[in-house]
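Participant: Structure for this input, please:
(2 chains)
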Amino acid sequence: MLDIKFIRENIQVVKTGLERRNGKFPDLDDLLRQEEERREGLQESEQLKNKKKKLSAEVGKLKQQGQDASKQMDEVKNLNVFIKELDEKVEGLETIIHEKLLGIPNLPDENIPDGVDESSNRFIREWGTKPDFTGESLNHVELGEKLGLIDLKRAAKISGARFAVYRGAGAALLRGLINFMVDVQTQENGYEELYPPFLVNEESLLGTGQLPKFGEELFAMKNDPLFLIPTAEVPVTNFHRDEILEEESLPVCYAAYTPCFRREAGSYGKDTQGLIRQHQFDKVELVKFSKPEDSNTELEKLVQNAELILKKLNLHYRVMELCVGDLGFSAAKTYDLEVWLPSQNTYREISSCSNFIDYQARRAKIRCKKKTGGKPEFVHTLNGSGLAAGRLFVAILENYQNADGTVTVPEAIRPYLQGREVLST
RNA sequence: GGAGAGGUGGCCGAGCGGUUGAAGGCGCACGCUUGGAAAGCGUGUGUAGGUUUACCCCUACCGAGGGUUCGAAUCCCUCCCUCUCCGCCA
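Facilitator: Numbering: from 1, shown residues only, chains lettered A, B, ... in the order given. Predicted coordinates for the structure are as follows:
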């Protein structure tokens, strides 16, 4: 959420920033008019409250002395009518203003490219090379089903479209990948592991920005006000909601494995085949809380932390900087990691690493106390996938397939599969 | 799910309906003291909003939301959370 004070004082900056994004947002001039009205009402009400307080104290004194205080009492009663009226007006305006603020996305970082979709994303770097398949190569569904690693048909029977059953060595590989990723991030990159709840309340989803605007993407519980998490970002960022952190403790870095649940409401017909787009998938998420002045450096580190997984698995990938049109609602700047998928002859997103600056922190009230004193200020929050396990599974099958239809297990994963080197029938 | 107890500042812990934003303690910061440290002494130390160049000042906040009252941390109602016991359960 943007700071209303900031909007007031930098209206042109905000307007310019929002114009870069496509979409409809609340009218800012209206918003500022309402804010002005709110402050006027507030001041008036506070003045009356001050008067009331003084009168009530007088009543107390007079009564102690056994004197008549009915005049003061009547006066306060009278004041209360006006105060109530003003407070109701102010409260109403506050609600409207708050709701509007929740509907305004973050301002994009000044330096990210303009553009309406991914075609304007900026190439940053790439690593590794595309595998060279002389013969015909198979896609991950063909490989996975042939080798008995996944069962999509039975998953559809159990749950419906966009679900998968991993079985046998496939299940072990998925589990191994998750453990591998958590181990690398905790042991080599210094993250603390968190294992959070997979169901969260509404406040948490408001804090990270999924609600109120994107409720249709969430699976909701029928009998309880809870939602399945669409990403570990939600429980992990909200871990410190309503808290004031010590400046010396920053950056605070967490890695969390969770399954993620998404309704994929806006993606009918997209990626319907295979494991690419599922209602349930597994992901190791990296979350950072940083000092404001360090967040851009921390974003670069975060991307590298995620890249390390792909390097260790020797998978070809590229790093893209998202243009404004491709940028998420709460993010100011985002890098995507895209892994090479031979079957689609293209790169597919396997990680998205974002700096939200103070946008989520303001919503979720996550601050830090400055060592030099002064008011606590909002921290910057960042997160990124490190990585999405399902898509990583896909990338391994397709990039590590052999001419005979078997799949070589990447060396880094072998310890997690009892030393197994090849997946075959 | 049933019964009971409780939720007060970074932490512990007082608090009769009337200058209580809140005693006391711990912690922390600064100063004095010391060769240095500890101890001791002194001072300071919540958050948000409004106003202000700044200081000041004002308003709100004692789990959340309502109510009673001239006046509520203190009384009443609803909800949330924690703990104990019982039930159920992996």
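Participant: can you list the residues of the stretch 1-150 of chain A near RNA strand B?
Facilitator: Proximity of the stretch 1-150 of chain A to RNA strand B is confined to A:4-5, A:39, A:42-43, A:46-47, A:49-50, A:52-53, A:55-57, A:59-60, A:63, A:69, A:72-73, A:76-77, A:80 under the rule Cβ under 7 Å from any atom of the strand. No exception for glycine: its C-beta is placed from N, CA and C like everyone else's.
Participant: Quick check on those residues: which are buried?
Facilitator: For these, a neighbour count by 16 or more other Cβ atoms under 10 Å gives the buried set as A:4, A:42, A:52, A:55, A:59, A:69, A:72-73, A:76.
Participant: Which one among those residues sits at the bottom for pLDDT?
Facilitator: Sorting these by pLDDT puts A:Ala69 at the bottom of the list (82).
Participant: residues in contact with it?
Facilitator: Contacts for A:Ala69 (Cβ atoms under 8 Å, 6 or more residues apart in numbering) come out as A:58-59, A:62-63.
Participant: Check A:Asn139 too.
Facilitator: Neighbours of A:Asn139 in contact, by Cβ under 8 Å, 6+ apart: A:274, A:343-344, A:398.
Participant: elements contacting the lengthiest helix in chain A?
Facilitator: When chain A is parsed with DSSP state H, its longest helix is helix A:28-64. Secondary-structure packing of helix A:28-64 (3 or more Cβ pairs under 8 Å, 6 or more residues apart in numbering; DSSP states H and E): helix A:4-9, helix A:11-20, helix A:70-102.
Participant: Just the closest residue of the stretch 101-250 of chain A to RNA strand B, please.
Facilitator: As assessed by Cβ to the nearest atom of the strand, RNA strand B sits closest to A:Ile244 within the stretch 101-250 of chain A, at 6.4 Å.
Participant: Could you look up the SS state of that residue?
Facilitator: Secondary structure assignment for A:Ile244 (DSSP: H, G, I helix; E, B strand; the rest coil): strand.
Participant: The one 10 residues further on too?
Facilitator: For A:Tyr254, the reduced secondary structure class is strand; criterion used: three-state DSSP.
Participant: now swap in the one 10 residues further on and tell me
Facilitator: In three-state terms, and counting by three-state DSSP, A:Glu264 is coil.
Participant: of all the residues in the stretch 251-400 of chain A, which ones are close to RNA strand B?
Facilitator: So the stretch 251-400 of chain A meets RNA strand B at A:367, A:369, A:375-376 (Cβ under 7 Å from any atom of the strand).
Participant: residues near A:Leu315, how many?
Facilitator: Neighbours of A:Leu315 under the rule other Cβ atoms under 10 Å: 24.
Participant: just checking, it touches A:Glu126?
Facilitator: No. Counting by Cβ atoms under 8 Å, A:Glu126 is not a contact partner of A:Leu315; they are 11.4 Å apart.
Participant: Tell me which residues are up against the lowest-mean-pLDDT helix or strand in chain A.
Facilitator: Of all helical and strand segments in chain A, the minimum by mean pLDDT, DSSP states H and E falls on strand A:243-246, at a mean of 82. Under the criterion Cβ under 8 Å, 6+ apart, residues A:252, A:289, A:365-369, A:376, A:379 lie in contact with strand A:243-246.
Participant: cutoff 10 Å now
Facilitator: A:251-252, A:289, A:291, A:364-371, A:376-377, A:379 (Cβ atoms under 10 Å, 6 or more residues apart in numbering).
Participant: What subset of the residues you listed is buried?
Facilitator: A:251-252, A:289, A:291, A:364, A:366-369, A:377, A:379.
Participant: Of those, which is the nearest to A:Val319?
Facilitator: Of all those, A:Val319 sits closest to A:Pro251, with 20.9 Å by Cβ to Cβ.
Participant: measure the closest residue to that closest one other than its chain neighbours to A:Thr346 for me?
Facilitator: Of all residues not flanking A:Pro251 in the chain, A:Ser290 sits nearest, at 4.2 Å (Cβ to Cβ, 6 or more residues apart in numbering). Plainly put, A:Ser290 is 33 Å away from A:Thr346 if you go by Cβ to Cβ, to the nearest Å.
Participant: just A:Tyr254 next, same as before
Facilitator: A:Tyr254 is 32 Å from A:Thr346, by Cβ to Cβ.
Participant: Who are the contact partners of the closest residue in space to A:Trp127 that isn't next to it in sequence?
Facilitator: Sequence neighbours aside, A:Tyr317 is the residue nearest to A:Trp127 in space, at 5.8 Å (criterion: Cβ to Cβ, 6+ apart). By Cβ under 10 Å, 6+ apart, the residues touching A:Tyr317 are A:125-128, A:306-307, A:309-311, A:336-340, A:347-348, A:350-351, A:387, A:395.
Participant: what's the answer for A:Asn383, then?
Facilitator: Contacts for A:Asn383 (Cβ under 10 Å, 6+ apart) come out as A:208, A:231-234, A:236-237, A:254, A:256, A:285-289, A:299, A:302, A:331, A:352-356, A:360.
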